[in-house]
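Asks: Coordinates for the following, if possible.
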Amino acid sequence: MSRVIRPSPRPGAEVLRQFSGGDRFFDPTVKVGDLNRDHIREAVGTYVVRRGQGAFERATPQDTVTLTWEIFTAAAEQCGMARLYGGVHIMDANLRGLEMGRTAAEIAYRRATALWAGEKVAAVQ
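Replies: Okay, here's the model as predicted:
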């Protein structure tokens, strides 16, 4: 049996924060793709699950659920908490994963900015 290892959302949130110069995420005026395939474009920083359109159990949720995150960090942290509630992680793993993600993002962002500046960057070992 193979295990699927899903990366922490924290590096993505941290890189977006560094790249954009701020942690602001939610913007109701900017629409993105149809993330949940309900033929309605979501606002940036928002995810909507329509009644009865759950990914794992079709009868859920019983009411439409709209998740909105004002900042990138909040989205990443809520994702980590969802893994706790789902029984995937324990709190220690969640906290260590968030910290590791923050460190990985800092390294990735420094490397990316060096490459954008035309600097030679050693290969990652």
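Asks: For the rest of this, base every contact and every neighbour count on C-alpha atoms.
Replies: Noted.
Asks: From one end of stretch 53-60 to the other, what's the distance?
Replies: 6 Å (Cα to Cα, to the nearest Å).
Asks: and that stretch, which residues are buried?
Replies: Burial within stretch 53-60, assessed by neighbour count using 16 or more other Cα atoms under 10 Å, is assigned to 53-54, 60.
Asks: any idea of the mean pLDDT for it?
Replies: For stretch 53-60, mean pLDDT is 79.
Asks: So what touches that stretch?
Replies: With Cα atoms under 8 Å, 6 or more residues apart in numbering as the test, stretch 53-60 has contacts from 51-52, 61.
Asks: Where does pLDDT dip in this protein?
Replies: Along the chain, segments meeting pLDDT under 70 span 1-9, 26, 28, 35-36, 125.
Asks: now do 90
Replies: Low-confidence segments of the chain (pLDDT under 90): 1-61, 64-110, 112, 116, 120-125.
Asks: how about the helices of it, start to end?
Replies: For the chain, applying DSSP state H gives helices covering 10-20, 72-85, 91-116.
Asks: What are the buried residues along the shortest one?
Replies: It refers to helix 10-20. Buried, per 16+ other Cα under 10 Å, within helix 10-20: 10-17.
Asks: now do the second one
Replies: Neighbour counts over helix 72-85 (16+ other Cα under 10 Å) mark 72-77, 79-81, 84 as buried.
Asks: could you redo those as CSV and give each row distance to Lys120?
Replies: As requested, the buried residues of helix 72-85 are exported to CSV (distance: Cα to Cα, whole Å):
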residue, distance to Lys120
Phe72, 30
Thr73, 31
Ala74, 34
Ala75, 34
Ala76, 31
Glu77, 34
Cys79, 35
Gly80, 35
Met81, 39
Leu84, 41
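Asks: For Ala75, which non-adjacent residue is spatially closest?
Replies: Trp69 (5.6 Å; Cα to Cα, 6 or more residues apart in numbering).
Asks: from memory the one you found sits against Val44, does it?
Replies: No - contact criterion Cα atoms under 8 Å: Trp69 and Val44 do not qualify, at 9.0 Å.
Asks: Dump the helices of the chain into CSV; add distance to Val65 as well.
Replies: Output for the helices of the chain, formatted as CSV (distance: least, Cα to Cα, whole Å):
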stretch, distance to Val65
helix 10-20, 22
helix 72-85, 15
helix 91-116, 24
